[in-house]
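[1] just a sequence and a predicted model for now, questions to come.
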Amino acid sequence: MNKPKLKKWKEPINISNYPLGATCESNHLVSINAGWRTYRPVINQDKCVKCLRCFLVCPDGVIDKSKELLEIDYDYCKGCGVCAYECKFDAIDMVKEEK
Ligand code: SF4
Ligand code: SF4
């Protein structure tokens with residue numbers, strides 16, 4: 001998967017260092033967000049018909065469709081479950097994360 005490059009993030013020292021508006025420019029990820037996810041989506045490739053609905057609705061754009069089988073980037077998936085909810089073929093299971 002073509003992962004986005006992490007943006008260099010300078011820790012703010014005082015309130016004047018914080019930018020106005022959004023905390024980062026769009027299209028830039030400041031850190032890998034894995035670690036706080038409670039459930040992870042797992043694609044059942046036998047049921048998946050590659051309709052790409054999950055790809056379209058994923059708010060973080062972490063479903064890769066560039067290969068024959070869809071692949072989820074777990075470094076950046078937040079486990080929101082939107083993909084599983086929207087899959088009309090019941091092809092995505094939300095599985096509890098193990099420690
Ligand atoms: S929405 Fe379901 S069936 Fe469609 S591509 Fe995603 S996992 Fe496969
Ligand atoms: S759980 Fe949320 S962030 Fe992760 S792949 Fe599904 S829609 Fe995207």
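    Looks like it came in fine. Ligands and ions are numbered 1, 2, ... in the order given.

[2] CA atoms of stretch 78-93 as PDB?
    Taking C-alpha atoms only, stretch 78-93 is exported to PDB below (Å, rounded to 0.1, in the frame of the first residue of the first chain):
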ATOM      1  CA  LYS A  78      -9.200   3.700  13.600                       C
ATOM      2  CA  GLY A  79     -11.700   0.800  13.900                       C
ATOM      3  CA  CYS A  80     -14.800   3.000  13.400                       C
ATOM      4  CA  GLY A  81     -16.700   0.100  11.800                       C
ATOM      5  CA  VAL A  82     -18.200   2.200   9.000                       C
ATOM      6  CA  CYS A  83     -16.900  -0.200   6.400                       C
ATOM      7  CA  ALA A  84     -18.500  -3.200   8.100                       C
ATOM      8  CA  TYR A  85     -21.800  -1.400   8.600                       C
ATOM      9  CA  GLU A  86     -21.900  -0.400   5.000                       C
ATOM     10  CA  CYS A  87     -20.900  -3.700   3.400                       C
ATOM     11  CA  LYS A  88     -24.000  -5.200   1.900                       C
ATOM     12  CA  PHE A  89     -22.400  -8.600   1.700                       C
ATOM     13  CA  ASP A  90     -21.600  -9.000   5.300                       C
ATOM     14  CA  ALA A  91     -17.900  -9.500   4.300                       C
ATOM     15  CA  ILE A  92     -16.300  -7.400   7.000                       C
ATOM     16  CA  ASP A  93     -16.200  -8.700  10.600                       C
END
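
[3] state the mean pLDDT of it.
    For stretch 78-93, mean pLDDT is 96.

[4] swap in stretch 58-66?
    90.

[5] now for the closest residue to residue 32 other than its chain neighbours, how many residues are close by?
    Counting by C-beta to C-beta, 6 or more residues apart in numbering, residue 32 lies nearest to residue 75, which is 4.8 Å off, once chain neighbours are set aside. All C-beta atoms are positioned from the backbone trio N, CA, C, and that covers glycine. Residue 75: 14 surrounding residues under other C-beta atoms under 10 Å.
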